[in-house]
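A.B. asks: Sequence and predicted structure, then a few things I'm wondering about:
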Amino acid sequence: MAESNEIALDSNGWLWGWFSWSRCSSTMLRTVEKKIFSYLKTGYRGWYVDIGPVVGVSDKIWTISLNQDSPKTPIVLLHGLGAGVALWVLNLDTLAMHRPVYAIDLLGFGRSSRPVFSKQAEEAENQLINSVEEWRKEMQLEKFVLLGHSMGGFLAASYAIQYPKRVKHLILADPWGFLEKPNDVANKVGLPLWLKALTYVVIPLNPLWAVRFAGPFGQRLIETIRPDIVKKFAPFLKDDPSIISQYIHQCNIQNPSGESAFYAMMQGFGWAKNPIVKRIDKLDPQISITLLYGSRSWIDNLNDETIKQIRSSSYVNVQIISGAGHHVYLDKCDTFNKYVLEACALNDTNSKLMYSTNKEDLKLIENDDVKNNDIVKKKGVYN
Amino acid sequence: MNLSFAGCGFLGIYHIGVAVCFKKYAPHLLLDKISGASAGAIAACCLLCDLPLGEMTSNLLRLAREARQRALGPFSPSFNVQEILLESLQKFLPDDAHIRVSGKLHISLTRVYDGKNVIVSQYNSREDLLQALLASSFIPFFCGLLPPRFHGIRYMDGGFSDNLPTLDENTITVSPFCGESDICPRDISSQLFHVNFANTSIELSRQNMYRFARILFPPNPEVLSNMCKQGFDDALRFLNRNNLINCTRCLAVQSTFVVSETLEDSSTEYDPECLECKMHRQEALVANLPETVMMIFQDAIDSANKGLINWLFKHRSIKLLSLLSLPYTLPVDVVYATFTKFILNAPRIQKGLMEMSRYFLEQLSLVFPQINVYYQPIPQTIKCHVNFMEYGSNIYDVESIDDSIFNQQKTNLNLTLKYNDAKPWTNCKQSTNCVINMSDLTMSTINNDTLENILQVTGEQETLMAYYYMDNSSEVHITELFDVNNEKLELKDDCIRLHQPQEESLQTFKTGDWNENHWVVQRNEKNHNRRNSNQPSFSNNLSKNDRQDNHNNHPESESNWNTTVYLNP
């Protein structure tokens, strides 16, 4: 539980450390994370949850909790690829006002331990999901609202399929890996030769290889190619917004075991090998889903109608947050928080009614003093 | 609601498609501010000025064709994007363009010396606006070496610092690259990897890679046409998704209510019952690019494909040949480009050289004041009025000489000297001797006005200074000075004034060389000046003793010359 219980970096020996190209250290990551969380208004607690031998010998998951004493259903946050718990910093305060909030670094990411995952897509996925389940057991959570962003959304959906009893409500923020890889992508445009060569070289590499390859210039690289992420935090972290890029850099220059797990689950240029769309029918119809998309994001590709058709007997709420991109929770954090809180509140007050999706029932809930008036209206407009 | 267009070089054709769609289905969105960088700025300007989009399309296609013609593409030395741009903008922009777009058009520029982004929105003149547009689309080495100036500061392409300037939260962003923009192509891709280049989100998809390669190298007209269509479709989809396509009546109602509406607001205010709106939307959903624009594309495609020459040049072997012959054609091209540039700049260079040499001479004359190389433009015409009076022999009577003597003048002569100096400036330092033909008294009425003035001055005013001296040949020289200004000035002031050779000049006459119709006037300005400054203490009192001495040496009757010389440059 204590913070002194640091995860040792991959022990290649002290000699290798001298020649290490990237300057990574778990202490640096801890310091930066602390700095970011110092902007939180609510008190938080961070500790390692020992989940035992799930993938490696003894895996630990870094956990952040806020408002733990609240009796309401907790919400668990799963971050996306290359991110960590600290990127939720804009949302934690608001979400923790009403219920307990748990945010974890997925196994192989952030400050959690980094075991070697399987190279098989399904197995790697199962390993990740099992680690979440083991963590839940360790935390003794009975039921929770599961919120995942990007890759976290993919895992959240997968988790909900495997452990339906634990998930009260599934909130997917711009999830990755829903659609199948189309066949005709490559044939569409005649690419120049150099580009083909480049893709050929890059494809076998881990997604974020460039950050590690750049070594000491990695942070500069992040600031150069994704200045928008840093900018999104600027109003919140007034003093030093560069700590965000520092944090992302530190998260990703360590041994990229989580990334390779992701790479195992991926095919082509970022498509999922086992897309959720194929499996969504296996999801317990009792689980209600809220899908949150940024209007500038992938919504045009993802046919939300298909999910609705497949899950015609359950509650699916699709929200498009205008002006937001892939990082919905950052771009329009207020709107995002509002929707998440509404989704949670919906489940708190009238969980039984939720399992049928008739509009009349929804209106009943509405009368039950839940502020989903807005949701129904929006649904009407966007459908 | 504001609009923002991304800079994208030749992909600007996408913006035309978007613009066509907005003009047709959502003209109410074009009333607010529109910002842009590079090609986006030009598109924004065209939208705000309401230029014919068909013309713009054909212009862009022409530019693309010209760029494609050469073996090195747009990097050929003789291909000048800026010039072609300027030419077409000059042609199409209305005269009051700067008034129309001031405050509305926001152009993103990159300041060269510190790389910071600058957004301009005020334009004082049409030239100003043109300059800003050109500066915003200046890509170093592609367009030239020296970036253009705007308000005296050098700027380059806004795409280097802020390619997609967003003015506020409710900005609709338009980008021809698939990414996180409101209106952009939606490629079929996993959308996992994004980069953010100068505020433009670009997804790392294959199509985007292709587009990226086409920013500076325009693709063939078919691809351009497809891009334009894509822009139209994407814009239409955006409008449809946000319920922004309304009938004119609903629009009128809306615009009276909300000035700055957000996306959400407009969707709630949308009245789904309006049949006309529904019709309008239905119609829009199946709409395609307007015929006029399509025709232009078709023409361009045809002209690029048909004909024997086109067929020949499309052949791979010809392409290979042109590439192989590059080492021979390139120097010719470079020489040609250099030569044209030189010819164009020749007048400017000459002027610059002249100014430099002049500056050099000035510095030289400052360093060595003794060497008089100072170049002063010589007046072409020097007019010289000489007025002289003759008075009687009572000059010997010292007592009787007083100021009233000038009233007793007997003869007045007026000379007008017109002196055309066409000598080269190297001669001007020498004292010029010129011959004056003394005119008859009756002829002297040419400058009646001046003559009378002189008379008046000599009559009413006292001499400021009068001095008499004898030179080597024992001739008496008399010089008197008058202040020709009619102001009442104190003597002291006058003395100062006298130092200025422009105001008055002195003329000495050799009285001994008197000839009826032939005089020699010695003009030496420098001498006069020195004399003036050396003898400021001379008073206007004529009854001086030393003067008498002078006169005693000359028994014959004397003439007292009172001369005033005007130098009219």
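C.D. replies: Cool, the structure landed.

A.B. asks: Stretch A:76-93: which residues count as buried?
C.D. replies: A:76-93 (16 or more other C-beta atoms under 10 Å in any protein chain shown). The C-beta positions use only the backbone N, C-alpha and C, and glycine is treated the same way.

A.B. asks: so which of these are also by chain B?
C.D. replies: residue A:81 (C-beta under 8 Å from any C-beta of the partner chain).

A.B. asks: Inside strands: which ones of the buried residues of stretch A:76-93?
C.D. replies: A:76-78 (DSSP state E).

A.B. asks: got these as a markdown table, with pLDDT columns?
C.D. replies: Listed next are those as a markdown table, based on pLDDT from 0 to 100:
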| residue | pLDDT |
| --- | --- |
| A:76 | 93 |
| A:77 | 93 |
| A:78 | 93 |
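
A.B. asks: Out of the residues you listed, which comes closest to residue A:262?
C.D. replies: The nearest member of these to residue A:262, counting by C-beta to C-beta, is residue A:78 at 12.8 Å.

A.B. asks: In contact with that closest one, which residues?
C.D. replies: A:104, A:106, A:132, A:146-149, A:152-153, A:155-156 (C-beta atoms under 8 Å, 6 or more residues apart in numbering or on different chains).

A.B. asks: So which of these are in helices?
C.D. replies: Under the assignment DSSP state H, the contacts of residue A:78 contribute A:132, A:152-153, A:155-156 to helices.

A.B. asks: could the residues you listed go into CSV alongside pLDDT?
C.D. replies: Below are those laid out as CSV (pLDDT from 0 to 100):
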residue, pLDDT
A:132, 92
A:152, 92
A:153, 91
A:155, 93
A:156, 93
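
A.B. asks: Tell me the one of those nearest residue B:85?
C.D. replies: For the ones in helices among the contacts of residue A:78, the nearest to residue B:85 is residue A:153 (45.9 Å; C-beta to C-beta).

A.B. asks: Tell me if I'm right that that closest one and residue A:159 touch.
C.D. replies: No. When contacts are counted by C-beta atoms under 8 Å, residue A:153 is not listed as touching residue A:159 (10.5 Å).

A.B. asks: The closest residue to residue B:469 other than its chain neighbours: neighbour count?
C.D. replies: Nearest non-adjacent residue to residue B:469, counting by C-beta to C-beta, 6 or more residues apart in numbering or on different chains: residue B:477, 5.4 Å away. Neighbour count for residue B:477, taken as other C-beta atoms under 10 Å in any protein chain shown: 16.

A.B. asks: Three-state assignment for residue B:477, please.
C.D. replies: strand (DSSP: H, G, I helix; E, B strand; the rest coil).

A.B. asks: Chain A contacts on the stretch 101-250 of chain B?
C.D. replies: B:169-170, B:173, B:179-182, B:186, B:188-197, B:199, B:201, B:204-207, B:209-210, B:213, B:237, B:241-243.

A.B. asks: and residue 308, what does it touch?
C.D. replies: Unless you meant another one, I'm taking chain A. Residue A:308 neighbours (C-beta under 8 Å, 6+ apart): A:316, A:318.

A.B. asks: Looking at it now. What's its pLDDT?
C.D. replies: At residue A:308, the model reports a pLDDT of 71.

A.B. asks: A helix includes it, no?
C.D. replies: Yes. Secondary structure of residue A:308 (three-state DSSP): part of a helix.

A.B. asks: and the closest residue to residue A:329 other than its chain neighbours, what helix or strand is that in?
C.D. replies: With C-beta to C-beta, 6+ apart as the criterion, residue A:329 has its nearest non-adjacent residue at 4.9 Å, and that residue is residue A:336. In the assignment (DSSP states H and E), residue A:336 maps to helix A:333-349.

A.B. asks: And residue A:47, by the same measure?
C.D. replies: Judged by DSSP H and E, residue A:47 forms part of strand A:44-52.

A.B. asks: Residue B:478 is in contact with residue B:466, isn't it?
C.D. replies: Yes. With contact taken as C-beta under 8 Å, residue B:478 and residue B:466 are classed as touching, separated by 7.2 Å.

A.B. asks: which residues in the stretch 251-383 of chain A form helices?
C.D. replies: A:257-265, A:276-279, A:304-310, A:328-331, A:333-349, A:351-354, A:359-367, A:373-382 (DSSP state H, counting those that start in this stretch).

A.B. asks: Can you tell me the element residue 123 falls in?
C.D. replies: Assuming you mean chain A. helix A:121-139.

A.B. asks: List the buried residues in that helix.
C.D. replies: In helix A:121-139, counting by 16+ other C-beta under 10 Å, buried: A:121, A:124-136, A:139.

A.B. asks: for that helix, packing partners?
C.D. replies: Counting contacts by 3 or more C-beta pairs under 8 Å, 6 or more residues apart in numbering or on different chains; DSSP states H and E, helix A:121-139 is packed against strand A:44-52, strand A:59-66, strand A:101-104, helix A:151-162, helix A:257-265.

A.B. asks: any weak-confidence spans in the chain?
C.D. replies: As the question left the chain open, I've gone with chain A. A:1-24, A:184-192, A:298-305, A:349-383 (pLDDT under 70).

A.B. asks: you looked at the wrong chain, it should be chain B
C.D. replies: Using pLDDT under 70, chain B drops low at B:71, B:190-191, B:247-275, B:285, B:310, B:313-314, B:369-455, B:457-458, B:460-464, B:479-569.
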